[in-house]
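S.K.: the following comprises the amino acid sequence and a computationally predicted model.
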Amino acid sequence: MQLSQEIVAVAKDSITMVKESMEKDREMQRQVMDAILSQNPFYKTCFSRPAGPSVLKPDTLGSMAGKPKLYYFNGRGRMETMRWLLAAAGIEFEEQFFETREDLLKLQQDGSLLFQQVPMVEIDGMKMVQTRAILNYIAGKHNLYGKDLKERALIDMYVEATMDLNEMIMHHPLQPPEAKAKHLATIIEKATTRYFPVYEKALKDHGQDFLVGNQFSRADVQLLETILMAEECKPDILSKFPVLQAFKARISNIPTIKKFLQPGSQRKPLLDGPREDSPREVEPVTG
Ligand SMILES: N[C@@H](CCC(=O)N[C@@H](CS)C(=O)NCC(=O)O)C(=O)O
């Protein structure tokens, strides 16, 4: 009897914890959306121009051939990794930035967004939404996704971890001022104790140039993107990771990526200014 009461109590506690965690997730989503719609510094350049006529004219939608066309804010957000993958694959793309709130509303209302959310990418006759679905498509199409299911599984594990870290970094500007220092410390701690050691060890153990299958893949691209974002949080964050330092230099020198790292490319800048004396641009890569 006593035991079953204890089990019921534990179950109730677990349900309360799950409910609290779901509420926290919903709250984070609400904050991101509020930030977008209220010109929070995170997206300040998205709506920074005076509201004018919508930039999304009917004839700019539905163009189904040619270059992929990216619809998003003029900032990194959830779109930046798609820019990285396309650039790494040497694919030219067009971008349609939302300049007013109405631009987003218009896309939401005209049925272009399957779930009323962006990023949206027009590609190969599809209006693709959902970040991971789009990234998977681009990676699969451009041979950045391993040679078999097992390589793909490993790539997925590696890139999901980079995305976890990216998300923490992306949410940093949304933290209230009094929480920022602690949040930044958590990012640095997670990067240096949970994530980077795994990539350092993987590269060291197999001794190859690329993370998976001795072949350039999205895992390399997404890891480099994340390293650069982490360096914006702490410029010397790689100091204890010599193999990752070499990896960064090597991947940065792949011609398509080198081009993307040049000023004036479609790569988006950090919006809310440097964090710990971070350099704005990547140092020139030699070799
Ligand atoms: N699971 C989606 C989430 C997309 C998402 O939350 N997009 C935000 C902008 S970054 C949005 O469109 N919010 C508008 C809304 O939810 O109404 C994805 O990964 O693409």
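M.R.: Here it is on my side, so go on. Numbers count the residues shown, from 1 in each chain.
S.K.: apart from its neighbours in sequence, what residue is nearest Q96?
M.R.: Of all residues not flanking Q96 in the chain, Y71 sits nearest, at 4.9 Å (Cβ to Cβ, 6 or more residues apart in numbering). Yep, even glycine has a C-beta here, placed from its N, CA and C like the rest.
S.K.: which SSE is A179 in?
M.R.: Using DSSP states H and E, A179 falls within helix 177-190.
S.K.: meant to ask about D236
M.R.: D236 belongs to no helix or strand, assigned by DSSP H and E.
S.K.: does F241 touch V198 like I think?
M.R.: No: using Cβ atoms under 8 Å, F241 is not in contact with V198, being 10.7 Å away.
S.K.: the two - which one has more neighbours?
M.R.: Using other Cβ atoms under 10 Å, the more surrounded residue of F241 and V198 is F241, with 21 against 12.
S.K.: so who does that one touch?
M.R.: Residues in contact with F241 (Cβ atoms under 8 Å, 6 or more residues apart in numbering) are 196-197, 200.
S.K.: M229 too?
M.R.: Contact analysis of M229 by Cβ under 8 Å, 6+ apart lists 165-166, 169.
S.K.: any idea of the pLDDT on it?
M.R.: pLDDT for M229: 97.
S.K.: cool, K24 as well?
M.R.: At K24, the pLDDT recorded in the model is 63.
S.K.: swap in the one 10 residues further on?
M.R.: Model confidence at D34, given as pLDDT, is 52.
S.K.: cool, and the one 5 residues further on?
M.R.: Per-residue confidence at Q39 stands at 44 (pLDDT).
S.K.: same thing with the one 5 residues further on?
M.R.: Among the per-residue scores, K44 shows a pLDDT of 44.
S.K.: what ranges do the helices span in the stretch 101-250 of the chain?
M.R.: Secondary structure of the stretch 101-250 of the chain (DSSP state H, counting those that start in this stretch): helices at 101-109, 131-141, 149-171, 177-190, 196-206, 218-233, 242-252.
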